[in-house]
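**Student:** Got a sequence here, can you model it:
(chains A, B, C and D)
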2 protein chains.
Amino acid sequence: MVPATYKDIRRLTGLSLATISKHFNGGNVLYANRVLIDQAARDLGYQVNDFARGLRSRRSMTLGVVLAQLNSTFNTTIVAGMEERLREAGYGTIICDSRGSAAAETEALQFLIGKMVDGIVIVPVGDRVDGLEVAAERGVPVVAIDRPIANAAVDAVVIDNRAAIASAVELLCSAGHTDLALLAGPEVVFTMRERRIGFRETVKRRTGRLPRRALVGVDPISIEGGYAGMVRLMRLEAPPTAVVCANYEFTLGATIALNELAPDLPAPALVGFDNLELARVIRPRPTLVVQPVAQIAAKAAELILQRIAGQAGAEPRLEVLGTELVVGEAATYTLRRSRA
Amino acid sequence: MVPATYKDIRRLTGLSLATISKHFNGGNVLYANRVLIDQAARDLGYQVNDFARGLRSRRSMTLGVVLAQLNSTFNTTIVAGMEERLREAGYGTIICDSRGSAAAETEALQFLIGKMVDGIVIVPVGDRVDGLEVAAERGVPVVAIDRPIANAAVDAVVIDNRAAIASAVELLCSAGHTDLALLAGPEVVFTMRERRIGFRETVKRRTGRLPRRALVGVDPISIEGGYAGMVRLMRLEAPPTAVVCANYEFTLGATIALNELAPDLPAPALVGFDNLELARVIRPRPTLVVQPVAQIAAKAAELILQRIAGQAGAEPRLEVLGTELVVGEAATYTLRRSRA
DNA sequence: CCTTGAGAGCGAAACGTTTTGCTTAGGCTA
DNA sequence: TAGCCTAAGCAAAACGTTTCGCTCTCAAGG
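**Tutor:** Modelled structure (predicted):
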């Protein structure tokens, strides 16, 4: 009923609390006594009380994760990868969802600090994050993923967004396309801003002029947004011959739109973003900019663990990872088809 | 640097620790003193230490959530809904991912118990869950969602799976279909087992005979599974005229397959499962069995809060919620089209 | 005038660990 | 043999709350 404590173990073994504690924390204890303690613990169904331990040691062996969107393959894949790595290091993980709301994000940070987490990994909602000062005061290290944080000096793991989009544009241009469109979200989101810049710059460099205004609209970051954007593009008087999608949602939405419209209209070439399971299923196999999710997870775990261990310098570190362009059939598909 | 404590507040206010504690827990304290304490707390940036509080009070004001799959709209939507309700009641939420692994599930339960959660909500991986005894011993209530737990007497919130599928079958039969197929996963998963039974029974009742063996295959619960299953069905010598998809993944996979194959083959009518955002985007608008996610979330929150408050009887309660059949265009679509 | 009870406050004892010194025994070196 | 070191163990003091009794005051009721 009532959980066992060190005192119960003391009763069964005759050892002192200090020795028992030492054993549970990997200190030097005689073999015979180790066995004794383990046996007693098993008999009692003993489990350490994290509250007492945390209160005294000021460590929780727990990390907090705050996600801008819980319901996103990209995020959850990274979290799963990180969790595994952190579990090996003895840390548990608490996941919070800020549901794209800055207020909820601040609240989540407070919750985590209250839970005395030893570190925080965050996919921020926006460029600025409120409530990080408390973490700084408490000495709780923070690592940002996917987007850096403007108003705090914290480590960050991001991809080279401009280069990522550039590689997509390069491919399309090399395949002969000259009229490229971009489906992307609003500039306030870091990744969208960067990808947009990468798109414009590369198009300019390769074709000699900036993309037409109608081809770089702003759509809501959602499947519907991608769908609507693609429909809009296809209804233009001069539709693009190729479309780059700036993230997963746009890719999916655009693909759906193409599937529906394809019978009636000549479909443009498509380059999508993120490693979606769908990619294995959609025909023609789409060309994709693939983020190194495993690497991102590993790097973030490494950064936060180093910070906790105090092995990192005062400077915030920025890790920029490269992306891969997995060429499918869709990039050149249409050119071939429209020629036929 | 080092966090403030009651002692600091005592220094600033001259009040005793007992009084300060009473105030922070809503007890009777003179207005003047309340103001004094609040002021001091603000000046000190005071935040209560959850470890000390939990150690003493044996309550954490935190609930644990264990998901069989973090990366699932269905699950995350429910979690988001529950979290909101629980936050209102003053509870924080810790989310764990068992990644479909029974071992990880047990580990997550231990982690949560160690964190002294006041209750656990779980979407179980399988019919049986290991590690629940500890929760029972500690008096930590558990509520299962989506699937009941066979080896423990806990509350559960599920939908009427047989009726859900039955409604889909009824609609298709009423539309004139006689050759129905089911895309579903293995029997070991509760929901799949139930939906399969519902399918067979209703087909039998409406058409007079059980569905052909080839039309009720077992596919992996994944988008690919749905895709492969649909392709297999369409390649049969006598393909079905209508297909029921037993969950979200199957629906999505099947839809993709249809989109690709449609130009070549007469497409069957399709009834899908779960309220996917995609539904708003796909044309023809699919008919869907929609789970009452908001209700499920609310009911689960209610059950766990009641248990914590000790207001529930000894009997485990089983809440069975109904589903809605949202009729789209696809159910009758093909019949019309194939007549044309 | 005495009793009763409620409101407000206090001191001190938990809660279950970790951690800090301090002992002791035994082995090694000089 | 003296001196020193290490391994192993112990008692007791934290850690920051909540909670259990007590006390005191003041107002109402008889």
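
**Student:** quick one: the residue nearest the centre of chain A from residue A:81, how far?
**Tutor:** Chain A has residue A:75 as the residue nearest its centroid, 4.1 Å off, counting by CA atoms, centre = their mean. Separation of residue A:75 from residue A:81 (CB to CB, to the nearest Å) stands at 11 Å. Just so you know, the C-beta spots here come from the backbone N, C-alpha and C atoms, and that holds for glycine as well.

**Student:** what helix or strand is the residue nearest to the centre of chain A on?
**Tutor:** In this assignment (DSSP states H and E), residue A:75 forms part of helix A:73-88.

**Student:** For that helix, buried residues please.
**Tutor:** Residues of helix A:73-88 classed as buried: A:73-83, A:85-86 (neighbour count, 16 or more other CB atoms under 10 Å in any protein chain shown).

**Student:** before we move on, what about stretch A:16-32?
**Tutor:** A:19-20, A:22-24, A:29.

**Student:** Verify the contact between residue A:327 and residue A:171 for me.
**Tutor:** Yes. Counting by CB atoms under 8 Å, residue A:171 is a contact partner of residue A:327 at 6.8 Å.

**Student:** list residues touching both of the two?
**Tutor:** Here residue A:327 and residue A:171 have residue A:287 as joint contacts, going by CB atoms under 8 Å, 6 or more residues apart in numbering or on different chains.

**Student:** higher neighbour count, these two?
**Tutor:** residue A:171 (20 against 15; other CB atoms under 10 Å in any protein chain shown).

**Student:** burial of residue A:294, as a residue count?
**Tutor:** The burial count for residue A:294: 12, using other CB under 10 Å.

**Student:** Dihedrals phi and psi, it?
**Tutor:** phi -60, psi -40 (degrees, to the nearest 10).

**Student:** so it makes contact with residue A:84?
**Tutor:** No. Under the criterion of CB under 8 Å, residue A:294 makes no contact with residue A:84, lying 10.2 Å away.

**Student:** Skipping adjacent residues, who's closest to residue A:239 in space?
**Tutor:** residue A:233 (5.8 Å; CB to CB, 6 or more residues apart in numbering or on different chains).

**Student:** ok, the one you found - contacts?
**Tutor:** Residue A:233 neighbours (CB under 8 Å, 6+ apart): A:181, A:183, A:214-215, A:239-240, A:243, A:268.

**Student:** Look at it and give its secondary structure.
**Tutor:** helix (DSSP: H, G, I helix; E, B strand; the rest coil).

**Student:** Read off the pLDDT value for it.
**Tutor:** Predicted confidence (pLDDT) for residue A:233: 94.

**Student:** Likewise for residue A:139?
**Tutor:** pLDDT, residue A:139: 88.

**Student:** Repeat that for residue A:223.
**Tutor:** 84.

**Student:** Is it in contact with residue A:245, as I believe?
**Tutor:** No. Judged on CB under 8 Å, residue A:223 makes no contact with residue A:245 at a distance of 11.1 Å.

**Student:** what stretches of the stretch 1-150 of chain A score poorly on pLDDT?
**Tutor:** A:1 (pLDDT under 70).

**Student:** Flag every residue of it that's near DNA strand D.
**Tutor:** A:14-19, A:22, A:28-30, A:33, A:52, A:55-56 (CB under 7 Å from any atom of the strand).

**Student:** Kindly recompute the last result at 6 Å.
**Tutor:** Within the stretch 1-150 of chain A, the positions near DNA strand D by CB under 6 Å from any atom of the strand are A:15-19, A:28-30, A:33, A:55-56.

**Student:** ok, stretch A:322-329 near chain B or not?
**Tutor:** No. Using CB under 8 Å from any CB of the partner chain, stretch A:322-329 stays clear of chain B, coming no nearer than 12.5 Å.

**Student:** for that stretch, which positions count as buried?
**Tutor:** Buried residues in stretch A:322-329 (16+ other CB under 10 Å): A:323, A:325, A:328.

**Student:** Show me those residues that map onto helices.
**Tutor:** Among the buried residues of stretch A:322-329, none falls in helices (DSSP state H).

**Student:** Distance check, the residue nearest to the centre of chain A against residue A:114.
**Tutor:** Counting by CB to CB - residue A:75 and residue A:114 are separated by 23 Å.

**Student:** how near is the residue lying closest to residue A:207 once chain neighbours are set aside to residue A:297?
**Tutor:** Nearest non-adjacent residue to residue A:207, counting by CB to CB, 6+ apart: residue A:178, 5.5 Å away. Separation of residue A:178 from residue A:297 (CB to CB) stands at 38 Å.

**Student:** Over to residue A:155?
**Tutor:** 14 Å.

**Student:** Including secondary structure, could the buried residues of stretch A:16-32 go into a markdown table?
**Tutor:** Compiled in a markdown table, those are given as follows (three-state DSSP):
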| residue | secondary structure |
| --- | --- |
| A:19 | helix |
| A:20 | helix |
| A:22 | helix |
| A:23 | helix |
| A:24 | helix |
| A:29 | coil |
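
**Student:** Quick check: which of those are also close to DNA strand C?
**Tutor:** Checking those against DNA strand C (CB under 6 Å from any atom of the strand), the matches are A:22, A:24.

**Student:** Kindly report the residues of the stretch 101-250 of chain A close to chain B.
**Tutor:** Counting by CB under 8 Å from any CB, the residues of the stretch 101-250 of chain A near chain B are A:110-111, A:113-116, A:134, A:137-139, A:222-224, A:227.

**Student:** okay, those in a markdown table with secondary structure next?
**Tutor:** Putting those into a markdown table (three-state DSSP) gives the following:
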| residue | secondary structure |
| --- | --- |
| A:110 | helix |
| A:111 | helix |
| A:113 | helix |
| A:114 | helix |
| A:115 | coil |
| A:116 | coil |
| A:134 | helix |
| A:137 | helix |
| A:138 | helix |
| A:139 | coil |
| A:222 | coil |
| A:223 | helix |
| A:224 | helix |
| A:227 | helix |
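
**Student:** and those residues as a markdown table, adding neighbour count and distance to residue B:123?
**Tutor:** Formatted as a markdown table, those follow (neighbours: other CB atoms under 10 Å in any protein chain shown; distance: CB to CB, whole Å):
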| residue | neighbour count | distance to residue B:123 |
| --- | --- | --- |
| A:110 | 15 | 27 |
| A:111 | 20 | 22 |
| A:113 | 21 | 28 |
| A:114 | 18 | 26 |
| A:115 | 21 | 23 |
| A:116 | 22 | 28 |
| A:134 | 18 | 33 |
| A:137 | 13 | 37 |
| A:138 | 17 | 33 |
| A:139 | 13 | 36 |
| A:222 | 16 | 25 |
| A:223 | 23 | 24 |
| A:224 | 17 | 27 |
| A:227 | 26 | 30 |
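
**Student:** Could you work out the most separated pair of the residues you listed?
**Tutor:** Greatest spatial distance in those: A:139 and A:227, 46.3 Å, computed using CB to CB.

**Student:** Mind checking which of the contacts of residue A:233 are in helices?
**Tutor:** Among the contacts of residue A:233, no member falls in helices (DSSP H).

**Student:** What subset of those residues is buried?
**Tutor:** A:181, A:183, A:215, A:239-240, A:243, A:268.

**Student:** Looking at the buried residues of stretch A:322-329, which gets the smallest pLDDT?
**Tutor:** residue A:328 (79).

**Student:** And it, how far from residue A:269?
**Tutor:** Residue A:328 is 10 Å from residue A:269, where distance means CB to CB.
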